[in-house]
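**Student:** Sequence first, then the predicted structure:
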Amino acid sequence: MPDREPAGWPWLRERLVRLRQSARPGAVPEAAPAAVVRTAVVTDSAAALPADWVRAFTENGLLTVVPMPVMVGAEIYGEGEDDIADTIAVALASGTPVKTSRPSPGQFEQAYTAALQRGFESVVSVHISGELSGTADSARLAAARVGIPVEVLDSRTVGMAQGMGVQSAVVAAADGRNAADVRAFAEERLARTRVYFYVPSLEQLRRGGRIGAAASLWGTMFAIKPILAVGDGKIIPLEKVRSAARAITRLEEIVAADAAARPNGQARLALHHFGNRAEAEQLAARLALLLPECPAAQISALPAVLAAHAGLGVLAVIVGESSTPAAPAGSRAHSA
């Protein structure tokens, strides 16, 4: 079954289609003139954006996703360039080292230069937390070397939490906003988004330096199944649970409580998994019963760069909101 997009998000693609149609010679204009898109958005593959959503916005250069490299043994793979999910799963199961690296400044320089050549006036570049990767540093180095203004934003998060911020940036950019507004829309959405997750083993996070050795040993010795979160850009422990079944139940309860506390009708969910899609679908079904006002959650495999650290059996849930900030008087505003 392909990864699916929840109700409410496809309108973003429809918005871009309308912008394209209104720009064609002889096209009947919309009630309001089409926005002139001046700002491009760049991100990295840790944003875990749905593949079909990315394709809809990359063909005209509005969005660029820079792949993050993954090293399996001595081989280097690029996210989006190679189908490496099976390779990573086998490597993790067999104990083969799996590591990740940040994209090079040159990769970002190419993306920014391409935006300039397409006629964009500025770029907003939204990236994985600087506490988890040096990706934003690479972007800043590249930004200093190109002839187009670039706003580099450290999302302080990861996965579709980062992706939701990117989506808000794309909404604002497609609406003709300047770079400052595009960045502000992304920042506001990111501030209202949370990541909760469960991993069967802490070992892969320890190997990647995302948690300390003491925490990993503690979890192994006492058979603890921790529920983790992303806080202030870092992976933090949320609760200690004694069994996998109880950990997943508590993850479900925590997510449901968070989503239910959001403004009515605004909560949006995304679920990530790696090697356990059926488990993710079951969790999504239970959340749908608990949260009947919330659109169906997007379910997707973790991108390779995150799966390399989380390991097999991870379940991650992102809780966000659909709305973007109120627009200034006289301008357009949309929600995602």
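**Tutor:** Structure's in. What do you need? Residues are numbered from 1 along each chain as shown.
**Student:** List phi and psi for Leu302.
**Tutor:** Backbone dihedrals for Leu302, given as degrees, to the nearest 10, come out at phi -60, psi 140.
**Student:** when you give positions from now on, start the count at 46
**Tutor:** In the new count, where the first residue is 46, that last one comes out as Leu347.
**Student:** Verify the stated contact: it with Ala93.
**Tutor:** Yes. At 6.7 Å, Leu347 and Ala93 qualify as touching, with contact defined as CB atoms under 8 Å. (Glycine included, C-beta is placed from N, CA and C.)
**Student:** what residues are shared contacts of these two?
**Tutor:** Gly204, His317 (CB atoms under 8 Å, 6 or more residues apart in numbering).
**Student:** What residues of stretch 130-145 count as buried?
**Tutor:** Within stretch 130-145, the residues that qualify as buried are Thr132, Ile133, Ala134, Ala136, Leu137, Val143, Thr145, counting by 16 or more other CB atoms under 10 Å.
**Student:** Looking at those, which is nearest Arg291?
**Tutor:** Checking the buried residues of stretch 130-145 against Arg291 with CB to CB, the nearest one is Leu137 at 24.0 Å.
**Student:** could you list every residue that touches that closest one?
**Tutor:** Residues near Leu137 by CB under 8 Å, 6+ apart: Val143, Gln249, Ala353, Gly356, Leu357.
**Student:** Gly310 should be in a strand, yeah?
**Tutor:** No. Applying DSSP: H, G, I helix; E, B strand; the rest coil, one finds Gly310 to be coil, outside a strand.
**Student:** Show the subsequent helix or strand relative to the lowest-mean-pLDDT helix or strand in the chain.
**Tutor:** Across the helices and strands of the chain, mean confidence by mean pLDDT, DSSP states H and E is lowest for helix 258-266: a mean of 42. As assigned by DSSP states H and E, the chain's next helix or strand after helix 258-266 is strand 270-276.
**Student:** Distance from that following strand to the middle of the chain?
**Tutor:** 17 Å (CA atoms, centre = their mean, to the nearest Å).
**Student:** quick one: strands adjacent to it?
**Tutor:** Partners of strand 270-276 in the sheet, by DSSP bridges, are strand 239-243 (antiparallel), strand 279-286 (antiparallel).
**Student:** hey, where'd the strands end up in this structure?
**Tutor:** Per DSSP state E, the chain carries strands over the ranges 84-89, 108-111, 114-117, 120-123, 143-145, 167-172, 195-199, 239-243, 270-276, 279-286, 312-318, 343-346, 360-366.
**Student:** Show me what the fourth one packs onto, helices and strands only.
**Tutor:** What that stands for is strand 120-123. Counting contacts by 3 or more CB pairs under 8 Å, 6 or more residues apart in numbering; DSSP states H and E, strand 120-123 packs against strand 114-117.
**Student:** Ala193 against Ala156, yeah?
**Tutor:** One correction, residue 193 is Ile, not Ala. No. If you go by CB under 8 Å, Ile193 and Ala156 don't touch, sitting 10.5 Å apart.
**Student:** picking up where we left off before, Phe102: which of the strands of the chain is closest?
**Tutor:** strand 108-111 (3.9 Å).
**Student:** can you tell me the average pLDDT over that closest one?
**Tutor:** Looking at strand 108-111 alone, the average pLDDT works out to 96.
**Student:** Just the residues contacting that strand, thanks.
**Tutor:** So strand 108-111 is in contact with 85-90, 92, 94, 99, 102-103, 125, 148, 152-153, 156, 159-160, 211, 215, going by CB under 8 Å, 6+ apart.
**Student:** Over to stretch 327-341?
**Tutor:** Here stretch 327-341 has contacts from 49, 51-53, 293, 296-297, 300-301, 304-305, 309-310, 312-314, 316, 342, 344, 360, 362, using CB under 8 Å, 6+ apart.
**Student:** Filter those down to just the buried residues.
**Tutor:** Using 16+ other CB under 10 Å as the burial test, the contacts of stretch 327-341 include 51, 293, 296-297, 300-301, 304, 312-314, 316, 342, 344, 360, 362 as buried.
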